[in-house]
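>>> Mind looking at a prediction? Sequence and model below.
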Amino acid sequence: MDSSQSSDPKTAVGEVANAWWQLRQNDDGVPASPDPVMSAIGMQIVGTLASTVHLQLKEKIIEFEASIGDDEVGLRVVGLGQSLQIHLQNVSFRNPSLLIFDGRDQSGMPVTLVQHVTQTNLVFVPVPKSKPDGPKTRIGFCMPNTDPPSN
């Protein structure tokens, strides 16, 4: 995502609507009449922008994190006949459709999971703190063009 694009879903709605109306202008620059079917499709696209899903995931993770006491947030992903558990450290996105989950696997190796928003099926699980004597690690929620937190 370049710096001219917004990571705010409300702004993204406006950007998509503006781009759609620019495409719908007649050759003389006069906007064409509204098309309810295309408007509905445009709203579906905005609803599945990675930035929108990122905000929804952030809310669910914060809610889950508050319910698990001293444990930290883990992520279990099942697919292709395998199961992977990630000690979650960061969640970021790239519009229009990628969600990025960074963390460590059960052996402590760094892992990055990249998923399309339409393929995202996650199970949040409590995992023991990565540093038993240290403070609870909070999940980072990085916006595009920012560096993930270093742990």
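Received the coordinates, thanks.
>>> Pairing partners for the strand ranked longest in the chain, with directions?
If you go by DSSP state E, the chain has its longest strand at strand 82-94. In the sheet, strand 82-94 lines up against strand 72-79 (antiparallel), strand 98-104 (antiparallel), strand 140-141 (parallel) (DSSP bridges).
>>> Of the ones you listed, which stretch is the most buried?
Mean neighbour count (mean count of other Cβ atoms under 10 Å) peaks for strand 98-104 among those, with a mean of 20. In this view, the C-beta of every residue, glycine as well, is placed from N, C-alpha and C.
>>> Using TSV, lay out the strands paired with strand 82-94 together with distance to Gly134.
Output for those, formatted as TSV (distance: least, Cβ to Cβ, whole Å):
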stretch	distance to Gly134
strand 72-79	11
strand 98-104	15
strand 140-141	16
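>>> For Gln119, the count of nearby residues, please.
Neighbours of Gln119 under the rule other Cβ atoms under 10 Å: 9.
>>> follow-up on the earlier one: as TSV, the strands paired with strand 82-94 with mean pLDDT would be great.
Formatted as TSV, these follow (pLDDT from 0 to 100):
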stretch	mean pLDDT
strand 72-79	86
strand 98-104	94
strand 140-141	78
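>>> quick one: Pro110 from Phe124, how far?
Distance from Pro110 to Phe124, counting by Cβ to Cβ, to the nearest Å: 20 Å.
>>> Compare neighbour counts for these two and give me the winner.
Neighbour count, other Cβ under 10 Å: between Pro110 and Phe124, Phe124 has more, with 18 against 11.
>>> Who are the contact partners of the nearest residue to Phe64 once chain neighbours are set aside?
Using Cβ to Cβ, 6 or more residues apart in numbering and skipping residues adjacent in sequence, the residue nearest Phe64 is Phe124, 4.6 Å away. By Cβ atoms under 8 Å, 6 or more residues apart in numbering, Phe124 lies in contact with Lys60, Ile61, Phe64, Val73, Gly74, Leu75, Arg76.
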